[in-house]
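> quick one: sequence and predicted model below, then my questions.
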Amino acid sequence: MTRILVWQHGMPPLGRAVAALGVFDGVHLGHQALVREAVGLAHVRGAASVVVTFDRDPDQIVAPAAAAAQLLDLDQKLSLLEALGPDTVLVMPFTPELAATAPLVFLDEVLLDAMTPVSVVVGYDFRFGHRAEGNVDALVRYGAEHGFSVVAHDLIALDGAPITSTRIRRLVAEGDVVGAARLLGRSHRVRGTVTHGRGAGAGLGFATANLSTAPYSALPAAGVYAGSVEVDGSRHPAAISIGVPPMFPDATDDFEVHVIGFDGDLYGAVLEVEFLQRLRDQRTFTTTAELTQAIAHDIARTCEIAGR
């Protein structure tokens, strides 16, 4: 059973450990391989396995205007990391104070305060400390002085290019959710809270849930998608609309989901929407009847793709 702990000064140390360090913003195939390497090495070394990550993208603190869209929220990230089997996931609250911490101070007062590392596994381009001044070379030197080894994990390549969160975000932004899923090792998912929308879908005979997402959520490009959503413990196919439909230019809803086969009240619920395949662009229709026919076709295609 994996423990989820939030780091704080003075917490009981975790003892001898192999630590995997990183933001792990997508927990994509490359991140998964890195964490599994740390878990395996911990078994060999007779130590605990600890994943050390942050509660947010550091750029949200140091450069909020330039922070990237996020492939996961914190709860999703922790759930995916937990599934990889480490003994502990240690969450570092990323604060302005932590951002201002010098690299060696970070290692002294955070890493060594939390555990006695026997080995540290990081990505080859891992950076840490104030202005990301610390790098793998500095970590290797520090480890040599403090009795732990450093494993710099190479990037994993797929389809002729490295798997990176930046590459996945680009695919999502382009609407290529199938391509993104290949690199993630799962379908891209976005969580949102159901709020009151404009009610246009219900007027057409297709009730939709309007979702409000957290800041920085990585929504796909505008269009209509086939997907699925879990409601009350059951997974339903879902036809998803991203962006303002041209037929309703005054609308403010830009993330709407028609949950196929569900007829209950979803207001206030938090839904995790899975994007399986892009169906079409948003477009203008000549008549309401033509729009209704297109939506019915989208729903039928969604059921085919989602396997219902």
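Perfect, thanks for sending it.

> drop to CA atoms for contacts and neighbour counts, all remaining ones
Fine.

> for Ala152, give me the backbone phi and psi.
phi -90, psi 110 (degrees, to the nearest 10).

> and this structure, what are its domains?
3-158, 187-306 (automatic domain parsing).

> of those domains, which approaches Val172 most closely?
If you check each of those against Val172 by Cα to Cα, domain 187-306 wins as the nearest, at 4.9 Å.

> before we move on, back to that, out of the domains of the chain, which gets the lowest mean score?
Per-stretch mean pLDDT for the domains of the chain is lowest at domain 187-306 (a mean of 87).

> dump the domains of the chain into JSON lines; add mean neighbour count and distance to Glu174 as well.
What follows is the domains of the chain, written out as JSON lines (neighbours: other Cα atoms under 10 Å; distance: least, Cα to Cα, whole Å):
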{"stretch": "domain 3-158", "mean neighbour count": "18", "distance to Glu174": "13"}
{"stretch": "domain 187-306", "mean neighbour count": "18", "distance to Glu174": "5"}
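
> can I get the ones you listed in CSV with distance to Arg167?
Converted to CSV, those look like this (distance: least, Cα to Cα, whole Å):
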stretch, distance to Arg167
domain 3-158, 11
domain 187-306, 13
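
> what about Thr302, is that helix, strand or coil?
helix (DSSP: H, G, I helix; E, B strand; the rest coil).

> what about the longest strand in the protein?
strand 270-280 (DSSP state E).

> quick one: Ala69 from Gly175, how far?
Here the criterion is Cα to Cα, to the nearest Å. By it, Ala69 lies 14 Å from Gly175.

> now do the SS call for Val27.
coil.

> looks like it contacts Leu81 (just checking).
Yes - using Cα atoms under 8 Å, Val27 makes contact with Leu81 at a distance of 7.1 Å.

> returning to what we had before: helices or strands up against the longest strand of the chain?
Other helices and strands packing on strand 270-280, by 3 or more Cα pairs under 8 Å, 6 or more residues apart in numbering; DSSP states H and E, are helix 177-184, strand 188-195, strand 223-231, helix 288-306.

> need the contact partners of the last one.
Right, the one you point to is helix 288-306. Applying Cα atoms under 8 Å, 6 or more residues apart in numbering, the external contacts of helix 288-306 come out as 204, 224-228, 237-239, 260, 276-277, 279, 285.

> so that helix versus strand 270-280, what angle?
Put simply, helix 288-306 runs at 110 degrees to strand 270-280, going by axes from the mean of the first three to the mean of the last three Cα atoms, to 10 degrees.

> that'll do, ta.
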